[in-house]
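Novice: no sequence on this one, just coordinates:
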């Protein structure tokens, strides 16, 4: 039976030792004192370990069922959702005005990691509601906000996002769902949406669907797409629920994983919808949800990697098999634990150095989102916009690989469902796909984000890296060699790749696009390298002080050294692939494949 | 509905253009004329596409069931197994003396790829029988061979291998299953074995279990392990079946994939067993099966990658989404097919260049196995023994990654079970685990095989690479640059890694073992690089002749160029990791993870 221990201590290290949140000028951050964040994280960890984690295999085994239009979630989900609501967790970082607790996004992110790690399928019900509420918050009228937000912030009502149709996902310009304007200002929505997570279920009184559709007579393609609020039950003027709207779940998909979340085919048949934001500006409004969702999905990659790592580590210490070649470590037992073997260590260190690096990366990004939202910091906004595809694409690819490594530690026991390791890989797999498949993230990064605002944000990123190196080099030769030199080399690789795109992408954009995936990965490695350098510096500082917890900080340094020595050098391989250009990739006619 | 087209043409290219099998001096190879191999491969392709492939999703969906001790295979499996038997496929490369067709192993391997690709779970019933029969052939008495082989060669009876117990898999010295000698020369076997593929089912009249157990009073640990033949039904002197033996299936495991194969807990309770080979030499006898099985498993990695690639390619040509940035390719349609996008091409080229390279690698290895068995070629035997862990570990890791890439091409449709892409990944996943987890393969390679016979075989490998380069360099500058130079660089990386192990492994074996996994992968890349160089040379030769099929050979060259430019340079990253030594990997105390 797999278990989950919330990484509270590690999060506290990142928040306070590395990011120094309490000292930040971002409004609200002064309240984030160590005792306060610790109390929240402990509480969140408790509900994650004790309530959500035990339901994770139940959800996987039972899945959701559709009968006579009613979707039933797995045993225990409803009661757990009640507990989550009672604790006020869904509204943690939502405005107090609508019943939330008004905390910074960075706290919501930390708690979100715990919830996702312990039960991804379950946490999606609440995560999508958060995204939908954010879109209404950003684009809704006062009346729309007053009508929907209080119930969505509390998760009495949940939310969904409806983009994909059977024939189109990435290319939403092909969309067929129609919206017909009515005299009262509402619209009649008709069409079919697929892959709708949490589309129908039995845990909320109402479900607020955000639906992309084309208003009849509007522009062709993506420019004619608008966003609508379509409640499952009509909401009367007094806020009570009326009749059922013209939307129904037609089917639940059989999936590879996240069985506990209902992935629905949703049929809209003259359903009443209300325009959210402006006509034909649906994509802009949807992207409010999407950007948040992409960071949330990147976090899922980390979260599944972390719980898988925790359980692999448990097994590696527990399972006796073979002997340490340098001398028995458990001479009185029949064999040594797996963890004595170098190749098992390699796997565990890959996982550990990824999870801790990714956690720091995500929390750092979350502080920039707070800076953008709370103090209107345009530079932070630009930087996080640049890094969003990296967070989504790199962390989910790597996170998935780490679940595979964790499963591998179990040998045959990892392949059977009994031990739960297979579920982590199956659940983690979706994160590479939804909210824009990772190839699309790479395209977004190289095709759009790199050049945004004249390339200002990517230059700002390189400046950040340079500053960390410049401010700290030359004080500790061992640290320079283990941390700063590799970071410098990796950052230089990344710059060279960017240069290659500039010099060769103009004459043939395929020279850039053929290397987009490698660029996304090398960018991710440099980000984690940067975070490891910052964590290393923070650990050194703590060790130079009067900490009694030297083991923690020395472990941090050793883990960082591993990342720098064994993972970060991947940038050179990515660069060499990028520099081979479009020719190898594009040489074949489609007919000759 | 996924489909499978047997890669007959590509196999013919490898067999005849690259390996020139007909011109080989290996006994029996002179019969392998192009028309003859083509006829066999066409027939095998037909049964694979028409009979086995359609059953693949059925097996996944239904799985096997255990009721009152009887295991039922999925609908249609039994009828298909009859067809396979009727065709004589199980005995293709088994001795004519026992009813086989006496063909070389290389032909069995080519056919095996088709069978595995189209239905891995199904083909395992026959594959394990082949392995068990090979062990009896190599180690059995004449009477044992006469009793079991004719029925096993025809697959009227199937076989299994029983190694793993609940508390031990890799470390078989911990085994508890006991064998008690009886007065009649037989043994009574008692114990529990787990993860027994095809352990019980309804497709054969008898099941011949090969079981590792410790003879009471024998040496401790691995040196006290012997191998036994334990038939499900006793075989009477006249060859007819008698009473049920004391062996029964206690449970079928729920697994991530290969649902169509029954993975059983087998309980032995005073079951009658017959010693196979010598007392306490069970591991040696088992390794006859194991080595064959490891190559077969490497082939499964390729096979799943290939069928996944075929279906990804179909989808990439069929699904319309977005536009080619360099100009619409399907201007009359609503969008261009996925295959116009560089990042989709990258993924498809990764898959294609892997599958074709791996196929050549496996078939080349199979010719060496034939050379070893048919003409007692010790050098070939040594080389293939060195490469066995590379074939198993590298091809299954990479093969799995390719199924993930293929699944990714489908976006959300890859994650739902309807399209079948999820099954390829779930089935392929086991190949990284069974027959020795890939970490154990890496250990075998670096800890044992590298130094075998004084390092003679690895030197022979490097000589082979050097000869290909030396014999062909300087004739075509473009080819040198695209093929031979990258191969030379990669081979040099591999040699440097070997050198590092020699120089640093003596003082601390962990310096070698920490890099074992990377070494296995870089070795694999060099092998595929070598095969691509040889395929490139063969294609050039064909193009210089009077072939009418220029597109095929030019495509081969373009695919090779891709592998050389984008995959082979991974050796440098592996080398840099290896050269970072044991310190980063081993730094932490187990308690500090």
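Specialist: The structure has been received and is ready for your questions. Note that the structure is a prediction, hence the values are computed from the model and not measured.
Novice: For stretch A:452-460, which outside residues touch it?
Specialist: A:379, A:382-383, A:385-386, A:449-450, A:498 (Cβ atoms under 8 Å, 6 or more residues apart in numbering or on different chains). (Each C-beta comes from the backbone N, C-alpha and C, glycine too.)
Novice: Check whether the helix-or-strand element of chain A with minimal mean pLDDT comes near chain B.
Specialist: Within chain A, no helix or strand scores below helix A:282-318, which has a mean of 93 by mean pLDDT, DSSP states H and E. Yes - applying Cβ under 8 Å from any Cβ of the partner chain, one finds that helix A:282-318 is in contact with chain B at A:313, A:317.
Novice: Give me the buried positions along that helix.
Specialist: Going by neighbour count (16 or more other Cβ atoms under 10 Å in any protein chain shown), the buried part of helix A:282-318 is A:282-283, A:285-286, A:288-313, A:315-317.
Novice: hang on, the earlier thing: which of the contacts of stretch A:452-460 are buried, as a PyMOL select command?
Specialist: In PyMOL, a selection of the buried entries from the contacts of stretch A:452-460 looks like this (16+ other Cβ under 10 Å):
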select buried, chain A and resi 382+383+385+386+449+450+498
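Novice: I'd like the contacts of stretch A:452-460 as a markdown table, with pLDDT, distance to chain B and secondary structure appended.
Specialist: Converted to a markdown table, the contacts of stretch A:452-460 look like this (pLDDT from 0 to 100; distance: Cβ to the nearest Cβ, whole Å; DSSP: H, G, I helix; E, B strand; the rest coil):
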| residue | pLDDT | distance to chain B | secondary structure |
| --- | --- | --- | --- |
| A:379 | 96 | 29 | helix |
| A:382 | 95 | 24 | helix |
| A:383 | 96 | 24 | helix |
| A:385 | 95 | 21 | helix |
| A:386 | 97 | 19 | helix |
| A:449 | 96 | 15 | helix |
| A:450 | 95 | 15 | coil |
| A:498 | 97 | 17 | helix |
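Novice: Tell me the one of the contacts of stretch A:452-460 nearest residue A:207?
Specialist: Using Cβ to Cβ, residue A:385 is the member of these that lies nearest residue A:207, at 29.9 Å.
Novice: quick one: the residue lying closest to that closest one once chain neighbours are set aside from residue A:468, how far?
Specialist: Leaving out its chain neighbours, the residue that sits closest to residue A:385 by Cβ to Cβ, 6 or more residues apart in numbering or on different chains is residue A:449, at 6.5 Å. Residue A:449 sits 22 Å away from residue A:468, going by Cβ to Cβ, to the nearest Å.
Novice: if I've got this straight, residue A:274 is in a helix?
Specialist: No - applying DSSP: H, G, I helix; E, B strand; the rest coil, one finds residue A:274 to be strand, outside a helix.
Novice: contacting residues around it?
Specialist: Counting by Cβ under 8 Å, 6+ apart, residue A:274 touches A:144, A:185-187, A:228-230.
Novice: and it, bridged to which residues?
Specialist: For residue A:274, the beta-bridge partners are residue A:229 (DSSP bridges).
Novice: how near is it to residue A:145?
Specialist: Residue A:274 is 12 Å from residue A:145, where distance means Cβ to Cβ.
Novice: same thing with residue A:119?
Specialist: Applying Cβ to Cβ, the value for residue A:119 to residue A:145 is 30 Å.
Novice: And for residue A:163?
Specialist: Applying Cβ to Cβ, the value for residue A:163 to residue A:145 is 22 Å.
Novice: got it, and residue A:42?
Specialist: Distance from residue A:42 to residue A:145, by Cβ to Cβ: 33 Å.
Novice: Spell out which parts of the stretch 51-200 of chain A neighbour chain B.
Specialist: Proximity of the stretch 51-200 of chain A to chain B is confined to A:164, A:167-171, A:174, A:194-195 under the rule Cβ under 8 Å from any Cβ.
Novice: Can you tell me which of those residues lies closest to residue B:461?
Specialist: Nearest to residue B:461 among those, counting by Cβ to Cβ, is residue A:170 at 44.8 Å.
Novice: Isn't residue A:213 up against residue A:179?
Specialist: Yes - if you go by Cβ atoms under 8 Å, residue A:213 and residue A:179 touch, sitting 4.2 Å apart.
Novice: so what sits against both of these two?
Specialist: Common neighbours of residue A:213 and residue A:179 (Cβ under 8 Å, 6+ apart) are A:187, A:189, A:226, A:228, A:273.
Novice: about what we covered before: buried subset of the contacts of residue A:274?
Specialist: Here, 16+ other Cβ under 10 Å leaves A:144, A:186-187, A:228-230 buried among the contacts of residue A:274.
Novice: pLDDT below threshold where in chain A?
Specialist: For chain A, no stretch is flagged by pLDDT under 70.
Novice: residue ranges of the strands in it, please?
Specialist: Along chain A, counting by DSSP state E, strands occupy A:65-67, A:70-72, A:157-162, A:178-181, A:187-197, A:206-215, A:225-231, A:233-235, A:241-244, A:247-252, A:263-275.
Novice: Partner strands of the second one and their direction?
Specialist: Taking DSSP bridges as the criterion, strand A:70-72 sits next to strand A:65-67 (antiparallel) in its sheet.
Novice: buried set for the strand it pairs with?
Specialist: Neighbour-count burial for strand A:65-67 [16+ other Cβ under 10 Å]: residue A:66.
Novice: Residues contacting that strand, please?
Specialist: Contacts with strand A:65-67, where a contact means Cβ under 8 Å, 6+ apart, come from A:71-72, A:200, A:249, A:251-252, A:262.
Novice: 6 Å - rerun?
Specialist: A:72, A:252 (Cβ atoms under 6 Å, 6 or more residues apart in numbering or on different chains).
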